[in-house]
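[1] Pasting the sequence and the predicted model now:
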Amino acid sequence: MSLGQNVLKLAVGRIASTAVLFAATPIIARMFIPEDLGIQEVFMAIMGVLGVVACLRYELSIPLGKDDKEAGASFALSIIICVVFALIILLVVHYTRSYVAMRFRSPALEGFLWLLPIAIAIDGLRQTLLYWMGYKERFGIMAWSGLAKSILAGLTPIIWYFAYGRSPAALVAAILAGSIVATLVLLFPLFPSLITSIKDSGFGAIVNIARRHKKFPVYHTWSGLVNVLSARMPTFFLGMYFPTKIVGYYSLGNRVITLPTTLLGASIRQVLYPAAGKEYNKTGDVAEIVRSIIRRLVQIGVFPIIAIGFCGASLFSFLFGEEWIEAGVYAQILSIFILPQFITSPVTAIFSVKSYQEKGLVYNVSLATSRFIVLLLTTRFNNPRVTLGAYAITSFIIYFLAYTWLLRLSNVSVQWGLKIIIKYISGSVVLLLPTFFLIHAGHGISVILISLFLETMLYFLILCKVDKTIQTAISAALHRKHY
């Protein structure tokens, strides 16, 4: 199966996952208050920072295995390290939970911190299984796993609300429920072959993998940690310097605007990494794969991100209620850098494929350092909009520079990379101008929604007209339906 078809398969699964989350989020937003989402956001931020180093990044070595024995050894090594790490976190939580809750101005957070080691262990297993599935090219299972995770994450708070009433515990439980179900979906189909591969590898193979891929813990662990800290930095700064409800507004706004990145971008990276690894081992060149991925990222991401940038406040007011208009404003501010992030983040897999872990560390440290300085300085203005605006502009500059750097490392023309972005941005802006003018003319939400729907359909039709891969996929689907 081709790279484009694999991306499309995961993209369809992720689109379904996105639809589930979009359907559940307006209901959840009306059941819970911003403070509840703020507690969930802080818990996820701490979990995300600790979880990224839980396996010391050895899970990234799974797709690089030359055979099942090597891949199985990488898998076993990752799980062993993850379990040990979770036990260490359990000890740390015992002594620091009160201080952490106080620092984030949220006493209720203290009771949930006990769940961190469990959440980290489960999510570490899930992430490792995702790389195993990528190695086995079982992208359909990966798509089903993401869908199951989204369904549980969306349903759990709603069911909890009707059973026990409003509580931030429902939102924390949703994190665990989604990870558990997604892990089970990944584990069952290939469990026998996975166990066989681990047994065949043996202790000696595990030690050899640990030595051969030592760059992952030495460089990529710190790179990954810095990267996640960088992404979660607004949560930490807003939580420490502003009321919890501000974190809740940011949480909802950030989730909506970053959905393309967290869902589709992650899927594309899961396809790109093993495919690029195999191609690089075979030919020493990844330029064609990178061009294909960037083209797909631009096509998928540009239009919806610009649409939210134009009319985020109006959409949030309609979807989530008047109480969440501020979250829509935050989404509009964040849209400044989401597009370059969406395009750049999956392509950073090239750092690992070409053994440029040290370059990846430089990139992540630069991004995190610039964000830290900006957030530290701007929180003094006591205005979250100013803080997020400065954060967005700084992030845009760093992501843009990283994009051109990655193109050069992949032997892809920078001129080509800029040209394709400008082409789709200009086209999307032209298509969305009617909605922009309707908003500023004061028209109602129904008119705005109709305009957005028509513009989206027109964008899709144009995309189908100019992209042969999409044409082929649609033709194949219609042919199967006909027969």
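    Arrived safely, thanks for sending.
[2] which residues of the stretch 151-300 of the chain score low on pLDDT?
    For the stretch 151-300 of the chain, the stretches flagged by pLDDT under 70 are 260-274, 276-281, 284.
[3] What is the longest helix of the chain by residue count?
    helix 68-103 (DSSP state H).
[4] buried residues in that helix?
    68-79, 81-82, 85-86, 89, 93, 97, 100-101 (16 or more other CB atoms under 10 Å). All C-beta atoms are positioned from the backbone trio N, CA, C, and that covers glycine.
[5] Could you name the helices and strands sitting against that helix?
    helix 34-51, helix 109-112, helix 116-136, helix 191-212 (3 or more CB pairs under 8 Å, 6 or more residues apart in numbering; DSSP states H and E).
[6] try 6 Å
    On a contact count with 3 or more CB pairs under 6 Å, 6 or more residues apart in numbering; DSSP states H and E, helix 68-103 meets helix 109-112, helix 116-136, helix 191-212.
[7] Can you tell me which of those helices is nearest to residue 337?
    Taking CB to CB, helix 116-136 is the member of these nearest to residue 337, at 24.9 Å.
[8] mean confidence for the closest one?
    Here helix 116-136 scores 89 as its mean pLDDT.
[9] Distance from the chain centre to the longest helix of the chain, please.
    Relative to the chain's own centre, helix 68-103 is displaced by 21 Å; criterion: CA atoms, centre = their mean, to the nearest Å.
[10] same thing with stretch 18-33?
    The gap between where stretch 18-33 is centred and where its chain is centred comes out at 18 Å by CA atoms, centre = their mean.
[11] which outside residues touch that stretch?
    Stretch 18-33 has contacts (CB atoms under 6 Å, 6 or more residues apart in numbering) with 150-151, 154, 157-158, 161, 166, 259, 263, 319-321, 324.
[12] Which one of those is nearest to residue 440?
    The shortest approach to residue 440 among the contacts of stretch 18-33 belongs to residue 319, at 20.0 Å (CB to CB).
[13] Which element, helix or strand, includes the closest one?
    helix 287-320 (DSSP states H and E).
[14] Give me the packing partners of that helix, helices and strands only.
    Helix 287-320 is packed against helix 3-31, helix 266-283, helix 325-347, helix 414-440, helix 445-466, with contacts defined by 3+ CB pairs under 6 Å, 6+ apart.
[15] Output the last one as PDB, restricted to C-alpha atoms.
    These are the backbone C-alpha positions of helix 445-466, laid out as PDB (Å, rounded to 0.1, in the frame of the first residue of the first chain):
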ATOM      1  CA  ILE A 445     -24.600  33.000  13.200                       C
ATOM      2  CA  SER A 446     -27.000  31.200  10.800                       C
ATOM      3  CA  VAL A 447     -25.800  33.300   7.800                       C
ATOM      4  CA  ILE A 448     -22.200  32.800   8.900                       C
ATOM      5  CA  LEU A 449     -22.600  29.000   9.200                       C
ATOM      6  CA  ILE A 450     -24.200  28.800   5.700                       C
ATOM      7  CA  SER A 451     -21.400  30.800   4.300                       C
ATOM      8  CA  LEU A 452     -18.700  28.600   5.900                       C
ATOM      9  CA  PHE A 453     -20.400  25.500   4.700                       C
ATOM     10  CA  LEU A 454     -20.500  26.600   1.100                       C
ATOM     11  CA  GLU A 455     -16.900  27.800   1.200                       C
ATOM     12  CA  THR A 456     -15.800  24.400   2.700                       C
ATOM     13  CA  MET A 457     -17.600  22.500   0.000                       C
ATOM     14  CA  LEU A 458     -16.100  24.700  -2.700                       C
ATOM     15  CA  TYR A 459     -12.600  24.100  -1.200                       C
ATOM     16  CA  PHE A 460     -13.100  20.400  -1.200                       C
ATOM     17  CA  LEU A 461     -14.300  20.400  -4.800                       C
ATOM     18  CA  ILE A 462     -11.300  22.400  -5.900                       C
ATOM     19  CA  LEU A 463      -9.000  20.000  -3.900                       C
ATOM     20  CA  CYS A 464     -10.600  17.000  -5.700                       C
ATOM     21  CA  LYS A 465     -10.100  18.800  -9.000                       C
ATOM     22  CA  VAL A 466      -6.300  19.500  -8.600                       C
END
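[16] Could I get the average pLDDT for it?
    The predicted model gives helix 445-466 an average pLDDT of 87.
[17] That one packs against which elements?
    Against helix 445-466 (3+ CB pairs under 6 Å, 6+ apart) you get helix 287-320, helix 414-440.
[18] how about that helix: buried residues?
    448, 451, 452, 455, 459, 463.
[19] and which of these is nearest to residue 119?
    For the buried residues of helix 445-466, the nearest to residue 119 is residue 452 (36.5 Å; CB to CB).
[20] separation between that closest one and residue 35?
    Going from residue 452 to residue 35 by CB to CB, to the nearest Å gives 31 Å.
[21] How about residue 440?
    From residue 440 over to residue 35 the distance is 33 Å, taken as CB to CB.
[22] neighbour count winner among those two?
    Using other CB atoms under 10 Å, the more surrounded residue of residue 440 and residue 35 is residue 35, with 17 against 10.
[23] Quick check: pLDDT value at that one.
    Note for residue 35: predicted pLDDT of 92.
[24] Between the helices and strands packed on helix 445-466, which one is closest to residue 355.
    Shortest distance between residue 355 and those, using CB to CB, is found for helix 287-320: 16.2 Å.
[25] report the angle between the axes of the closest one and helix 445-466?
    Compare the direction of helix 287-320 with that of helix 445-466 by axes from the mean of the first three to the mean of the last three CA atoms, to 10 degrees and you get 160 degrees.
[26] List only those of the contacts of stretch 18-33 flagged as buried.
    In the contacts of stretch 18-33, burial by neighbour count holds for 150, 151, 154, 157, 161, 259, 263, 319, 320, 324, counting by 16+ other CB under 10 Å.
[27] Please identify which pair of the residues you listed lies farthest apart.
    161 and 263, at 24.4 Å, using CB to CB across these.
[28] Neighbours of the residue nearest to residue 258 when sequence neighbours are not counted, how many?
    Nearest residue to residue 258 in three dimensions, chain neighbours excluded: residue 338, at 6.2 Å (CB to CB, 6 or more residues apart in numbering). Residues near residue 338, counting by other CB under 10 Å, number 27.
[29] so residue 338 makes contact with residue 307?
    No - assessed by CB atoms under 6 Å, residue 338 is found out of contact with residue 307, at 11.7 Å.
[30] most packed of the helices and strands packed on helix 287-320?
    Sort those by mean neighbour count, taking mean count of other CB atoms under 10 Å, and helix 325-347 sits at the top with a mean of 24.
[31] Packing partners of that helix?
    helix 244-257, helix 266-283, helix 287-320, helix 384-409.
[32] re earlier: do you know how far the residue nearest to residue 258 is from residue 451?
    Using CB to CB, residue 338 is found at 22 Å from residue 451.
[33] Over to residue 433?
    Relative to residue 451, and taking CB to CB, residue 433 is found at 10 Å.
[34] Please apply the same query to residue 181.
    Distance of residue 181 to residue 451, given as CB to CB: 38 Å.
[35] With residue 169 instead?
    Distance, residue 169 to residue 451, by CB to CB: 40 Å.
[36] just residue 403 next, same as before
    According to CB to CB, residue 403 and residue 451 sit 31 Å apart.
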